[in-house]
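Fold the following for me, if possible:
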Amino acid sequence: MITLALTGSIGMGKSTVAAMFARAGIPLFDADAEVRRMQAENPELIAAIGERFPGTVTAGALDRDALAAQVLGRPEELVVLEAIVHPAVHAARARFLLAHQGAPALLFDIPLLFETHGEHAFDKIIVVSAPAEVQRSRVLARPGMTPAKLDAILARQMPDRAKRARADFVIDTSGDLSTTEARVADVLACLGVRADR
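Now for the predicted structure:
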């Protein structure tokens, strides 16, 4: 089994590329989706976050916007939040590995792979990339996004050029979807993994 980490900065097209791998039959572990699920459904995790970050939990439900307001642009608070959340994510990842032992390859979508020094846990690293102007345009089109919020997010992410330099494969998403899909197929072919469509 080959373990693949998919990463890239905000707005680069990771979700689109991850979906292409999934359609090709590669089981996908989406770290962000797992965090969102646990922050909505895991009462122990929600309680732990609420205890450390007052005002973020009401009637047992986590207010992700209130939490973001407390940690965005405050690296020391983000480290505390990650220390609460990461053990639960690692446990979920271990369960995913067990559930898919027979697969030829597994894909782990981990946006902050390099920033959290997690790259050594995987056989190959795939970085999703696009020009800065494309990235900015995509992200600012999202509901609730502002230039200041985007700048705060980018400040805690490794620059795209540094991620590309560390990648085994780079998938450029600035073209049309069929071009990106062809690149995904190329990566799988290079790895000797047959797409199961």
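
Is there a neighbour count for the closest residue to Ala61 other than its chain neighbours? I'd like the number.
Nearest residue to Ala61, sequence neighbours excluded (CB to CB, 6 or more residues apart in numbering): Ile46, at 7.4 Å. Placement of C-beta: from N, CA and C, glycine included. For Ile46, the count of nearby residues is 18 (other CB atoms under 10 Å).

Give me the distance between Ile46 and Arg37.
Separation of Ile46 from Arg37 (CB to CB, to the nearest Å): 12 Å.

show me where this protein has strands.
2-7, 28-30, 57-58, 61-62, 105-109, 124-129, 169-172 (DSSP state E).

out of those strands, nearest to Ala22?
For the strands of the chain, the distance to Ala22 is smallest for strand 28-30, at 4.5 Å, taking CB to CB.

Now that closest one: buried residues?
Buried residues in strand 28-30, counted by 16 or more other CB atoms under 10 Å: Leu28, Phe29, Asp30.

In terms of secondary structure, what does the helix or strand bottoming out on mean pLDDT in the chain contact?
Confidence across the helices and strands of the chain bottoms out at helix 147-155, with a mean of 87, counting by mean pLDDT, DSSP states H and E. Judged by 3 or more CB pairs under 8 Å, 6 or more residues apart in numbering; DSSP states H and E, the packing partners of helix 147-155 are helix 132-140.

which helices and strands sit right next to the helix it packs on?
When contacts are defined as 3+ CB pairs under 8 Å, 6+ apart, helix 132-140 sits against helix 147-155.

so what are the domain limits for the protein?
Split into domains by automatic domain parsing, the chain comes to 1-27+104-197, 32-99.

which of the ones you listed is buried the deepest?
Among these, domain 1-27+104-197 has the highest mean neighbour count (mean count of other CB atoms under 10 Å), at a mean of 17.

Quick one: distance of that domain to the chain centre.
Relative to its chain's centre, domain 1-27+104-197 lies at 8 Å (CA atoms, centre = their mean, to the nearest Å).

Identify all contacting residues around the longest helix seen in the chain.
When the chain is parsed with DSSP state H, its longest helix is helix 75-99. The contact list for helix 75-99 (CB atoms under 8 Å, 6 or more residues apart in numbering) reads 27, 29, 31, 34-35, 38-39, 42, 45, 48-49, 52-53, 67, 70-72, 106, 108, 116, 156.

What of stretch 173-187?
12-13, 16-17, 20-21, 24, 126, 128-131, 134, 169, 171-172, 195.

Go again with 10 Å.
With CB atoms under 10 Å, 6 or more residues apart in numbering as the test, stretch 173-187 has contacts from 4, 8, 11-14, 16-21, 23-24, 26, 124, 126, 128-131, 133-135, 138, 168-172, 193, 195, 197.
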